[in-house]
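Asker: output the structure for:
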Amino acid sequence: MIEQVIALIGLLIGLVSLVKLNPLGIDGFLRKEAKRGLQNNFKTDNDWHSEGRVYTEGLTLIEKDDKKLFFVKQAKLADTGLLH
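Answerer: From the prediction side, this is the model:
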């Protein structure tokens, strides 16, 4: 019985610390980047800023529903872990 109480207390401490850390609120920049990727195909505008992160830039050809093709200037977050 005491082991179950200790396990329950440990679980509660873990849940409380998870809520306090709030992993979704730690880096709002990555949430903005995910939204930019899902909604805008990583399109960059003139006012877009990389905020000091390493990006790869390029063009992509996108086809709309009406079969029209157009180019979009993109910038995607690069994995710098490969450089170290």
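
Asker: which stretch of helix or strand covers the residue most central in space within the chain?
Answerer: Centroid check for the chain by CA atoms, centre = their mean gives residue 30 as the closest residue, at 3.6 Å. Taking DSSP states H and E as the definition, residue 30 sits inside helix 28-40.

Asker: next one: residue 72
Answerer: Using DSSP H and E, the element containing residue 72 is strand 69-77.

Asker: hmm, residue 33 is touching residue 77, no?
Answerer: Yes - contact criterion CB atoms under 8 Å: residue 33 and residue 77 qualify, at 6.1 Å. Glycine gets a C-beta too; all of them are placed from N, C-alpha and C.

Asker: circling back: ok, now which ones touch the residue nearest to the centre of the chain?
Answerer: With contacts defined as CB atoms under 8 Å, 6 or more residues apart in numbering, residue 30 has no neighbours.

Asker: can you check the pLDDT for it?
Answerer: Note on residue 30: pLDDT of 78.

Asker: now residue 69
Answerer: 90.

Asker: tell me how many other residues crowd it.
Answerer: Counted with other CB atoms under 10 Å, residues neighbouring residue 69 total 8.

Asker: the residue lying closest to it once chain neighbours are set aside and residue 48: what is the separation?
Answerer: Nearest residue to residue 69, sequence neighbours excluded (CB to CB, 6 or more residues apart in numbering): residue 63, at 5.3 Å. Applying CB to CB, to the nearest Å, the value for residue 63 to residue 48 is 23 Å.

Asker: more crowded one of the two?
Answerer: residue 48 (13 against 9).

Asker: could you find the closest non-adjacent residue to that one?
Answerer: Distances taken as CB to CB, 6+ apart place residue 75 nearest to residue 48, at 7.2 Å, with adjacent residues excluded.

Asker: cool, and residue 54?
Answerer: Counting by CB to CB, 6+ apart, the residue nearest residue 54 is residue 78, at 4.5 Å.

Asker: what's the span of stretch 59-69, first residue to last?
Answerer: 13 Å (CA to CA, to the nearest Å).
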